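[1] Sequence and predicted structure, then a few things I'm wondering about:
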Amino acid sequence: YNALKRQIIDDFFSRMNPMQKQAVYAIHGPVLILAGAGSGKTTVIVNRIANMIQFGEAYDSDYMPAQITQEDVDFLEEYARGESWDLERAISLIKNRPVAPWNILAITFTNKAAGELKERLQAMLGEAAQEINASTFHSACVRILRREIENLGYRSSFTIYDTDDSVRVVKAALKAMNIDEKRFSPKAVLGEIGRAKDQLLSSADFASTVGEDFRLQVIAKVYDYYQKQLMSANAVDFDDIIMLTVRLFQKFPEILDKYRSRFRYVMVDEYQDTNYAQFMLVNLLASQHQNICVVGDDDQSIYKFRGADIGNILNFEDQFPGAKVIRLEENYRCTGTILDAANAVIENNTERKGKTLWTKNDTGVKIKVHRAADEGEEARFIADTISENVKQGAKFSDHAVLYRMNAISNTVERGLVKYGIPYRIIGGLRFYERKEIKDMISYLSVLNNPSDTVRLRRIINEPKRGIGDSSVNNVLEIAAGVELPAFEILENAEQYPALSRKATSLMQFAEMLRALMEKVGKISLDQLLDHVLEETGYLSMLQGEGFEGQTRLENIEELKSTMIRYEEENDDPTLAGFLEEISLYTDIDRYDPQADNVVLMTMHSAKGLEFENVILVGLEEGIFPGMQSMYDPTQIEEERRLAYVSLTRAKKRLYVTTAAQRMLFGQTMRNRPSRFLNEIPKELCEMEDTTIARRMSINQRQTPSAAFKSTSKVGIGAAAQPESNFTLKVGDMVSHKVFGQGMVLSITPMGNDHLVEVAFESVGTKKVMAKFARLHKI
Ligand code: ATP
Ligand code: MG
């Protein structure tokens, strides 16, 4: 019976290699799986859960249930020989103390990963999968807090504040405490409070650690005030969620007991990126029953800047003595070429345990390294590559475009939009959907057209000017009543009694806009944007917001690149024209997140995921590795781990792009190719350099922006037909690389190209840029 039983279970998990099987069958006691990318760590978690639920401890014990008859054993023999298919009966005869699905807690890093885990469990287990608690740390803790938080003095209906809400509370705290916001930026203070919470420090604990540091002393007081405010509003912030759960467990042993017996089996994926609070949470839950399995890879630790502690995984064996340690060395995901490249890169790190992955997979094709003349051509290469693959039968969703910083997505998105390629951004917004971009465009729209009340409403109190909704409503009502543009009411606010309380703020606002309007047409668009940023107070608002403000500022700077490009491509650039061109990107076919889309995301959010084809954009010194980490060896190692994560996302094809010259943040830069790219052995790469011909035509002594002008004209112009050759008319039949044939419905000239609306037979109506997307008349 026992031999048959093991044979059947082994067959059931036949896809797992012997090391993976060890982890799948070891359901009791601590288990550490420390292994490289694509070696099946996450897969092991899924299969281990399936084993627990279906077979329980059957594999590991020699127990035979008393009621098993000879007939049953005969059946098992038949089943093992493949003469019967009644899996359910086989399982029912084999299983030994199976684990109930609700006794399992499986934690992953992102919502997307949790979703995928659930899907894979559903596919293996059907209904039972519903009852498994597979979630992120945060959602698991929120569920616990909803039931138990009353013990900590909150009500169970507590609200979860997002960053904006929290910042508002910090601001109010600073004001109440008479602390100058300029010296203590609310975002920075909030960041400090968050770090304290990750370390499980209450405001009192924090205060006792700060010593003589005046700045931290102040922050400790703000923390205290802030926390009381949250409590009286019955609200928690994001970082509270884990800290409060840990506190609950520490203060109330009977509650901890309840969850210990509920979550008898705990599993954590991507354990290398857990912070102290998360570590404590896991420890509290598992220290008694010791049924804990963590998986991770020290080479993929990329969240140190958020408090992740690689020590959690490296010291696991000390925390849980007797842990079974399993190393997986075979990579199932990548081609030999991709894996060789990733191994070669990560070898340059000194602070690592050291392991080399191998694969039985085919060598595959070489890594295509495309050196573009500029970021526009880079975007075109990306769009073209995806189109070509799709034409060969790939899906859009087989493609992931990964970048180091958000701002890079702008030009990539523009390329995809011009081609008509559907895409979505994971873990973030599309460029033109970002708040700061929408705000800037709204300002510009109002300057262009003061009667745009929708946009006016958006920006009137952004940054905060003390003009609330009710004042705005009053203004609009009056405007409607006297039939004057709202802007005029603002300019003369003091004449309307209903506005008297806010008259000064309203008039100041109008005056500021009026001064900006005077500048329209007199200075270039990017200069205008600079003025808007500065004079509206938007710049100083962002400058006070620490890391996040910096990212948002980078995005706005990146909007400038778009403006400069627009000005270069148009003989008669105007604000109105720019806004019209932008509208193409802002209201392009509302996309369907379920549909077949190319996915764009940062390298960080790609952790744990895999795609057939991966395109890594902008592998240049100063971008990746970023400027801030370039001279710090520890940070370079963290960036290199990110390179390792990025390279190993690709299953089949990997593309890497660099641009000889790139406009980013409104500035032209010439970056050398990334050191990480140079660390990939040359023989694994196929180089494609479109800059050579062009380099000969550029006078190197030109100023950077003049040089850009000439490259962009030579670059894009040379590859496409000259302007005068544009012959498409409405009603023409055309062909597109991906969408096939269609009929032209409308044509709008735009820059040095034309926006063409085409009714395609395959996908319906789409808008594409004629030259950029290489639309052909047939
Ligand atoms: P990462 O470090 O990127 O999170 P991972 O170690 O979690 O990677 P998985 O995502 O579990 O790796 O697996 C990578 C790929 O290999 C998946 O497509 C998975 O289906 C496949 N795979 C895992 N184990 C095996 C196996 N034993 N046989 C065949 N394919 C496998
Ligand atoms: Mg994984």
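    Happy to help now that I have it. Residues are numbered from 1 along each chain as shown. Ligands and ions are numbered 1, 2, ... in the order given.

[2] for the closest residue to ligand 1 within the stretch 501-650 of the chain, phi and psi?
    Residue nearest to ligand 1 within the stretch 501-650 of the chain (Cβ to the nearest ligand atom): Gly608, separated by 4.3 Å. In this view, the C-beta of every residue, glycine as well, is placed from N, C-alpha and C. When read as degrees, to the nearest 10, the backbone of Gly608 gives phi 90, psi -10.

[3] so what pLDDT did the residue nearest to it when sequence neighbours are not counted get?
    Excluding its sequence neighbours, the residue lying closest to Gly608 (Cβ to Cβ, 6 or more residues apart in numbering) is Ala113, at 5.0 Å. pLDDT for Ala113: 83.

[4] so is Ala113 in a helix, a strand, or just coil?
    Three-state assignment for Ala113 (DSSP: H, G, I helix; E, B strand; the rest coil): helix.

[5] who's in contact with it?
    42, 136, 269-270, 608-609 (Cβ atoms under 8 Å, 6 or more residues apart in numbering).

[6] Report the distance from stretch 210-229 to the chain centre.
    Offset of stretch 210-229 from its chain centre (Cα atoms, centre = their mean, to the nearest Å): 32 Å.

[7] I misspoke; the intended subject was stretch 294-314.
    From the chain centre to the centre of stretch 294-314 is a distance of 18 Å (Cα atoms, centre = their mean).

[8] Is it positioned near ligand 1?
    Yes - Stretch 294-314 reaches ligand 1 (Cβ under 6 Å from any ligand atom) through 297, 300.

[9] end to end, how far does that stretch reach?
    Chord length of stretch 294-314, first to last residue, is 11 Å (Cα to Cα, to the nearest Å).

[10] Quick check: buried residues in that stretch?
    Judged by neighbour count (16 or more other Cβ atoms under 10 Å), stretch 294-314 contains these buried residues: 294-304, 307-310, 312-314.

[11] what do you get for stretch 320-337?
    320, 323-324, 326, 328, 330-337.

[12] which strands and helices sit next to the helix or strand containing Val246?
    When secondary structure is defined by DSSP states H and E, Val246 falls within helix 238-251. Judged by 3 or more Cβ pairs under 8 Å, 6 or more residues apart in numbering; DSSP states H and E, helix 238-251 is in contact with helix 137-148, strand 159-161, helix 186-198, helix 253-262, helix 276-286.

[13] Could you list the residues of the stretch 151-300 of the chain in contact with ligand 1?
    297, 300.

[14] confidence score at the residue in the stretch 151-300 of the chain positioned nearest to ligand 1?
    Relative to ligand 1, the nearest point of the stretch 151-300 of the chain is Asp297 (5.2 Å; Cβ to the nearest ligand atom). pLDDT for Asp297: 94.

[15] Hmm, it is touching Asp273, no?
    No - judged on Cβ atoms under 8 Å, Asp297 makes no contact with Asp273 at a distance of 9.8 Å.

[16] Point to the residue nearest the middle of this structure.
    In the chain, the centroid-proximal residue (Cα atoms, centre = their mean) is Gly427; its distance is 3.5 Å.

[17] so it makes contact with Thr110?
    Yes - using Cβ under 8 Å as the test, Gly427 is close enough to Thr110 to be in contact (7.2 Å).

[18] quick one, phi psi at Leu216?
    Taking degrees, to the nearest 10 as the convention, Leu216 sits at phi -70, psi -30.

[19] Look at it and say how many residues are nearby.
    By other Cβ atoms under 10 Å, the residues close to Leu216 number 17.

[20] mind checking pLDDT for it?
    In this model, Leu216 is scored at 93, pLDDT.

[21] Which pLDDT value belongs to the spatially closest residue to it that is not a sequence neighbour?
    Nearest residue to Leu216, sequence neighbours excluded (Cβ to Cβ, 6+ apart): Val210, at 3.7 Å. Val210 is assigned 89 on the pLDDT scale.

[22] List, one by one, the residues from this protein near ligand 1.
    Selection of the chain residues close to ligand 1 by Cβ under 6 Å from any ligand atom yields 15-17, 20, 35, 37-43, 297, 300, 332-333, 608, 610, 648.

[23] Which of those residues fall in helices?
    20, 41-43 (DSSP state H).

[24] Tell me how many other residues crowd Arg155.
    9.

[25] And for Glu351?
    Using other Cβ under 10 Å: Glu351 sits among 11 other residues.

[26] does it really touch Glu637, like I thought?
    Yes - in this structure, Glu351 is within contact of Glu637 by Cβ under 8 Å, at 5.7 Å.

[27] still on that earlier bit, just curious, which of the ones in helices among the residues of the chain next to ligand 1 is nearest to Gly393?
    For these, the residue nearest Gly393 by Cβ to Cβ is Thr43; the value is 26.2 Å.

[28] which helices and strands sit right next to the helix or strand hosting Ser735?
    Element membership of Ser735 [criterion: DSSP H and E] is strand 733-736. If you count contacts as 3+ Cβ pairs under 8 Å, 6+ apart, strand 733-736 packs onto strand 740-750, strand 753-760, strand 776-777.

[29] From the rest of the structure, what touches the shortest one?
    With contact meaning Cβ under 8 Å, 6+ apart, strand 776-777 is reached by 727-728, 732-735.

[30] If anything else comes up later, I'll come back, but that's it for now.
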